Each structure stands twice: as structure tokens, then as C-alpha cells.
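[1] model this:
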Amino acid sequence: MTTVALRPRSARQLAGTATLLRFALRRDRLMIPVWIAVNAAMVLSMPGTLEGLYGTPAARAELIGQMRANSSLRAMVGPVFGDSLGALTAWRVGIYAGALAAVMSLLVVVRHTRDEEESGRQELVASGMVGRRASLTAALLAAAVANAVLALLVTAGLAGRGTAGALALGLGIAAVGMVFATTAAILAQLTESARLARGLTAAVLGAAFVLRAAGDSATDDGSSVLTWLSPLGWQENLRPYAAERWWVLALLAGAALLQGALAYALAGRRDIGMSFLPTRPGPASGRLGSAGALAWRLQRGGVLGWSIGFFVAGVVYGGMTEGAADLVGDNDNARRVFERMGGQSGLTDAFLASMAGMLGLVAALYAVASVLRLHFEETSGRAEPVLAAAVGRVRWAAGHLLIAFGGSALIMLLAGLGLAFGYGRQTGPVLAACLVQLPAVWVIGGVAVLLHGLLPRAAPAAWAVAGAVLLIGWIGPALDVPQAVLDVSPYGHLPKLPGGRMEWGPVGVLTALAVALVAAGLAGLRRRDLTT
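    Prediction:
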């Protein structure tokens with residue numbers, strides 16, 4: 001009798017899951033495909049690129065020898081376990097593909113759990129025939145669908161180079177995504193803020209990357225204890241195309257299942273909208289006498305996190321400069337890729353310019369996220385009480401835009417300082433190389449403002465724009481795409497510093513374009529109705 005009584009109860013806990021899953025996939029019909037496309041394109045484009053760079057067994061053997069002797073580069077991309085093009089692909093992009101899958105997964109899970117509760121929509125949904133754990137289940141299933149599609153694309157695209165290796169790489173990437181999906185599910189139960197849940201999950205991902213990097217810098221075979229403390233280290237030790245260790249998948253699956261079980265247990269022990277770590281109830285410290293001060297209070301944590309991350313990334317990339325020059329050596333194809341990314345003023349300057357360009361591309365993601373805070377405040381209903389007071393729409397938006405555009409300048413400045421510190425010289429030219437990226441960053445931010453102001457329902461499409469620009473800048477030079485394609489991105493028109501000649505014309509045009517986009521977006525915001 002006890003068993004019979006439990007079954008209907010467990011079924012009621014999941015009532016409405018299928019409907020919520022369809023709704024989640026419909027809401028993410030743009031975001032998820034963009035993340036999958038960028039990640040899959042990065043992985044599937046790599047074998048052709050590596051074949052052009054290291055097309056002979058001798059060149060690949062030399063690369064492996066250099067990597068075993070270069071601890072700084074091992075910290076960034078991990079050790080090499082085989083000399084086939086498949087093994088080199090897993091070495092070059094496997095960790096980063098796993099990290100991108102993790103970011104995609106945490107965004108999906110938090111959006112459909114804590115975001116919904118924070119906005120009040122979850123309470124309305126729960127008033128219908130919806131089980132207590134249906135929303136969490138639907139969010140995890142949405143992340144599972146996204147990771148499964150990514151794994152399928154990677155496996156199918158690389159199957160020609162070895163089915164077992166392709167399957168191992170695809171499953172490893174998807175498994176890492178699901179580990180961090182369940183991490184986000186736990187933190188969504190513990191915290192009362194979606195922003196904090198995303199930030200803490202991202203911090204866990206960053207810690208996993210640091211542990212793996214520290215372990216890989218110490219050993220050249222992935223055997224360090226620090227490497228085995230990180231899910232990203234488990235992924236690399238799966239060793240696709242290099243005598244696959246299938247049992248490592250059990251570690252990833254076990255971690256995902258244990259974390260998922262903990263998230264389910266926590267979800268059943270709290271009320272909707274509540275958390276196990278509630279925010280501190282006032283009084284708020286400091287002054288909140290203006291819309292700008294409120295915007296700063298809402299976004300200061302994000303600015304701090306991005307600032308620390310960019311400075312650390314700059315230090316790491318700066319420390320890699322000499323090692324990268326040694327790794328490229330006399331490889332003309334590798335040298336040509338760096339020259340397309342960073343200019344033709346010498347390999348060291350080209351590498352520094354390309355790293356500054358990569359940090360600039362990532363800074364566009366910060367700008368979009370910060371601008372779209374406006375969209376979230378509006379759709380969650382929080383903007384209306386602020387605008388009901390003596391605060392105009394432009395003044396309200398200006399506080400968030402100042403943080404978006406000023407914050408991007410701050411993180412690029414810190415990236416330049418870190419890059420110069422890690423390299424140990426050329427402080428002025430390296431700072432200029434980072435700061436010259438700002439007009440392109442501001443153009444992408446301006447596109448987000450324009451979409452929010454004129455087409456608020458399409459505002460999340462700004463992520464697609466940023467993703468497309470990132471894809472062009474990251475993969476385009478390696479694939480030797482035509483210059484006309486590279487010029488579609490605003491980054492393609494920036495001067496290549498250090499080493500290149502400073503050209504103020506393109507910088508001025510891009511800055512003016514960013515100003516025009518922001519002005520048009522604010523004009524649209526003044527004239528339209530608020531989104532509810």
C-alpha cells in the first residue's frame with residue numbers, strides 16, 4: 001500500500017513537465033541554437049585548420065615535443081595525448097568547448113528556475129496543474145536537449161576521423177555541460193537572486209579551469225591531483241582519439257546525477273521565491289538617491305567579476321607570449337594565422353595584438369549582458385516603480401548604459417595592465433592595443449541598445465550578434481576566410497596594435513556609429529510602451 005501511495009505523489013511532483021519543456025525550448029529558440037552553432041563550428045573547423053598548420057607527422061611530433069616542454073601553454077590548452085588530427089582537435093578546443101557548453105547550460109537552467117521565481121512568473125505557473133519539481137525538471141531537460149544536440153553535431157562532424165574518438169569528444173563536452181547545469185540547479189535553490197546564481201556557477205567554472213590549468217602546468221600527462229579535482233580535467237583525461245578512457249564518463253555522469261539529486265531534494269524543501277541563503281534585509285548601506293546609483297548597486301558585482309577575470313586573463317596571456325613564439329617557430333601557416341589576427345609587424349607583436357583582439361571580442365559579451373539588464377528590469381516589472389517617480393526613461397537607462405560602456409572600458413584597461421604585467425614590457429603599446437578595441441565593443445553594445453529601444457521582444461537577439469562577431473573573429477582567420485567576411489565584424493576595421501600603425505579614421509567612424517545606435521535606441525525607448 002505504501003508503494004502504491006507514493007507513485008501518484010511522485011507523478012504529481014512532475015505534472016506539467018512536458019508543457020514547461022516545450023515552453024522553455026520555445027523561449028530559447030534563438031539563444032540555444034546560437035550557442036550550439038558557435039561551439040560546434042569552433043570544434044568542427046579545427047581539424048582543417050590543424051591540418052594546414054601541422055600537416056606532416058614531423059610537424060606534429062615537433063608540436064608535441066614543444067608542448068611537453070612548455071608549461072604555460074599546457075596550462076591554457078592542456079597536454080597532448082596523441083599525434084592524429086583528431087587528438088590534436090580534442091587537445092586544442094576540447095576544454096574550451098566544454099567550458100562553452102557549461103556556460104550555455106548554466107544560463108538555460110537559471111533562466112527557467114530562479115529567473116522565473118524572481119520575476120514572479122513561477123508563482124502564476126505553480127497555481128495551475130504544475131508539480132513542485134516540474135520547472136526544475138524542465139530546465140534540466142532543456143539543458144540536456146541542448147547538450148545532446150551539440151554532442152550529436154560534434155560526433156557526426158568528426159566521425160570521419162574516427163567514430164570512437166568523435167563520440168568520446170562529443171559526449172565529454174555534453175557531460176561537462178550537464179555537470180554545470182546541475183551545479184546551477186543547486187545554486188538556484190540556495191540563492192534568492194538569479195544574478196547571484198549565475199555568478200556563483202560561473203565562479204565554480206572558473207575555479208575548475210584554474211585547478212585544471214595548475215595541474216596541467218605541473219605535469220604533461222594530465223595525472224596531477226589538481227587536474228583530477230576539476231570536471232574539465234576529467235574531460236581532457238577522457239582522451240578522445242588517444243586510447244579513450246570510457247570510464248571517465250562515469251565520473252562526469254555520476255557528478256551530474258548526484259548534484260541533480262541534491263537540487264531535487266532542496267527544491268522540495270522550500271517555498272517558491274524563497275531560498276536557503278536569503279538576501280540580507282535592509283537597511284541598504286550607502287545612498288540610492290538616483291537611478292544611476294541604483295544601476296550601480298544592481299551591477300557592481302558583475303563589474304567586479306569581469307574586472308578580475310580580465311586582469312587574470314591578461315596576465316596569463318602575457319605570460320604565454322614568449323612560449324607562443326617558440327611554439328610557432330618556423331611554421332609558416334601558424335605564423336600566417338597570427339598575422340591575420342594581429343598584423344604583420346613581427347610574431348610577438350602579432351600574438352599580443354591577437355590576444356588583445358580576443359579579449360575585446362569577449363568584452364562585447366559583457367557589454368551586451370550589461371545593456372540587457374535594462375530589458376530584464378523592464379520585463380520583470382521593476383522598471384515601472386522607478387519610472388513612476390520623478391525619473392525619466394532616458395535618465396533611468398543612462399545609469400545602466402554608463403555601467404555597460406564605462407565598465408567595458410574598465411575591463412579592457414585592466415586586461416591591458418594584466419597583459420603588460422604578464423609579458424613584462426611594452427606597457428604603453430599593450431595598453432593601447434586593448435583600449436583600441438573599445439569602439440568595436442561599443443558598437444555591439446549599441447546594437448543591444450537599439451534592439452531594446454525599438455524591438456524589445458527581439459532584444460535577446462543581441463546575443464546572436466555578439467556570438468556571430470565572436471565566431472568571425474575567433475575562427476575566421478584560422479579558416480582563411482575572405483577579408484570581406486572579416487570586415488563584416490567591426491573588429492575587422494581596427495588598427496593592429498602593438499606594432500601596427502594607429503589609424504584614427506576607423507576608430508572615429510566606429511565610435512560615431514556606436515553613438516548613433518545608442519541615440520536611436522534611446523529615442524525608441526522614449527516613444528514606446530513598456531514591455532510587461
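
[2] which element is residue 319 on?
    helix 291-328 (DSSP states H and E).

[3] in that helix, what's buried?
    Within helix 291-328, the residues that qualify as buried are 291-292, 294-296, 298-299, 302-303, 305-307, 309-321, 323-325, 327-328, counting by 16 or more other CB atoms under 10 Å. In this view, the C-beta of every residue, glycine as well, is placed from N, C-alpha and C.

[4] so what's the gap between that helix and the chain middle?
    Counting by CA atoms, centre = their mean, to the nearest Å, helix 291-328 is centred 13 Å from the centre of its parent chain.

[5] do stretch 17-25 as well
    24 Å.

[6] got it, and stretch 65-78?
    On the basis of CA atoms, centre = their mean, stretch 65-78 is displaced by 23 Å from the centre of the chain it belongs to.

[7] quick check: buried residues in it?
    Of the residues in stretch 65-78, 66-67, 70, 72-78 count as buried by neighbour count, 16+ other CB under 10 Å.

[8] low-confidence bits of the stretch 151-300 of the chain, can you list those?
    Filtered on pLDDT under 70, the stretch 151-300 of the chain yields the residue ranges 271-289.

[9] what do you get if the cut-off is 80, keeping everything else the same?
    192-196, 268-292 (pLDDT under 80).

[10] tell me which stretches of it form helices.
    163-190, 194-218, 225-228, 231-237, 247-267, 291-328 (DSSP state H, counting those that start in this stretch).

[11] just send those helices back as a markdown table, with distance to residue 367 too.
    Output for the helices of the stretch 151-300 of the chain, formatted as a markdown table (distance: least, CB to CB, whole Å):
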| stretch | distance to residue 367 |
| --- | --- |
| helix 163-190 | 23 |
| helix 194-218 | 17 |
| helix 225-228 | 34 |
| helix 231-237 | 27 |
| helix 247-267 | 32 |
| helix 291-328 | 10 |
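
[12] among those, which is nearest residue 97?
    helix 163-190 (4.8 Å; CB to CB).

[13] just the angle between that closest one and helix 194-218, please?
    140 degrees (axes from the mean of the first three to the mean of the last three CA atoms, to 10 degrees).

[14] buried ones in helix 163-190?
    Quick answer for helix 163-190 (16+ other CB under 10 Å): 165-190.

[15] can you give me the offset of stretch 401-418 from its chain's centre?
    17 Å.

[16] measure residue 195 to residue 305 for me?
    10 Å (CB to CB, to the nearest Å).

[17] cool, and residue 299?
    10 Å.

[18] about what we covered before: for residue 471, which of the helices of the stretch 151-300 of the chain is the nearest?
    The nearest among the helices of the stretch 151-300 of the chain, by CB to CB, is helix 163-190 at 17.0 Å.

[19] what's that closest one packed up against?
    Helix 163-190 is packed against helix 31-53, helix 85-111, helix 134-158, helix 194-218, helix 231-237, helix 247-267, with contacts defined by 3 or more CB pairs under 8 Å, 6 or more residues apart in numbering; DSSP states H and E.

[20] excluding sequence neighbours, find me the nearest residue to residue 142.
    residue 24 (4.3 Å; CB to CB, 6 or more residues apart in numbering).

[21] what is the burial count for the one you found?
    By other CB atoms under 10 Å, 23 other residues sit near residue 24.

[22] what is the host helix or strand of it packed up against?
    Residue 24 belongs to helix 17-27 when assigned by DSSP H and E. The helices and strands touching helix 17-27, judged by 3+ CB pairs under 8 Å, 6+ apart, are helix 134-158.

[23] now the helix it packs on, how far from the centre of its chain.
    That offset, for helix 134-158, works out to 17 Å (CA atoms, centre = their mean).

[24] give the buried residues for that helix.
    134-147, 150-151, 153-155, 157-158.

[25] list of residues touching stretch 507-516?
    436, 439-440, 442-443, 445-446, 490, 493-495 (CB atoms under 8 Å, 6 or more residues apart in numbering).

[26] typo on my end, stretch 227-239
    Contacts for stretch 227-239 (CB under 8 Å, 6+ apart): 78-79, 81-82, 87, 90-91, 94-95, 98-99, 168-169, 172-173, 175-176, 179-180, 207-209, 211-212, 215-216, 219, 222, 224, 226, 244-246, 248-249, 251-252, 255.

[27] and those, which of them are buried?
    78-79, 81-82, 87, 90-91, 94-95, 98-99, 168-169, 172-173, 175-176, 179-180, 208-209, 211-212, 215-216, 219, 222, 224, 226, 244, 248-249, 251-252, 255.

[28] any idea how far residue 187 is from residue 102?
    13 Å.

[29] ugh, wrong one, I meant residue 376
    Applying CB to CB to residue 376 and residue 102 gives a distance of 22 Å.

[30] so the two - more neighbours on which side?
    Between residue 376 and residue 102, counting by other CB under 10 Å, residue 102 is the more crowded of the two (28 against 18).

[31] tell me the contacts of that one?
    176-177, 179-181, 205.

[32] with distance to residue 14 as extra columns, can I get these in JSON lines?
    Output for the contacts of residue 102, formatted as JSON lines (distance: CB to CB, whole Å):
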{"residue": "176", "distance to residue 14": "26"}
{"residue": "177", "distance to residue 14": "22"}
{"residue": "179", "distance to residue 14": "22"}
{"residue": "180", "distance to residue 14": "23"}
{"residue": "181", "distance to residue 14": "18"}
{"residue": "205", "distance to residue 14": "28"}
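
[33] residue 528 against residue 456, yeah?
    Yes: between residue 528 and residue 456 there is a contact under CB atoms under 8 Å: 7.2 Å.

[34] hang on, the earlier thing: any chance of the buried residues of stretch 65-78 in a markdown table, plus pLDDT, secondary structure and distance to residue 130?
    What follows is the buried residues of stretch 65-78, written out as a markdown table (pLDDT from 0 to 100; DSSP: H, G, I helix; E, B strand; the rest coil; distance: CB to CB, whole Å):
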| residue | pLDDT | secondary structure | distance to residue 130 |
| --- | --- | --- | --- |
| 66 | 75 | helix | 57 |
| 67 | 77 | helix | 52 |
| 70 | 73 | coil | 54 |
| 72 | 70 | helix | 51 |
| 73 | 73 | helix | 50 |
| 74 | 79 | helix | 49 |
| 75 | 78 | helix | 46 |
| 76 | 76 | helix | 45 |
| 77 | 80 | helix | 45 |
| 78 | 84 | coil | 43 |
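
[35] hmm, who's touching stretch 367-381?
    Taking CB under 8 Å, 6+ apart as the rule, stretch 367-381 contacts 118-120, 295, 298-299, 302, 383, 386, 397, 400-401, 403-405, 407-408, 441-442, 444-445, 448-449, 452, 456, 459-460, 462-463, 465-466, 530-532.
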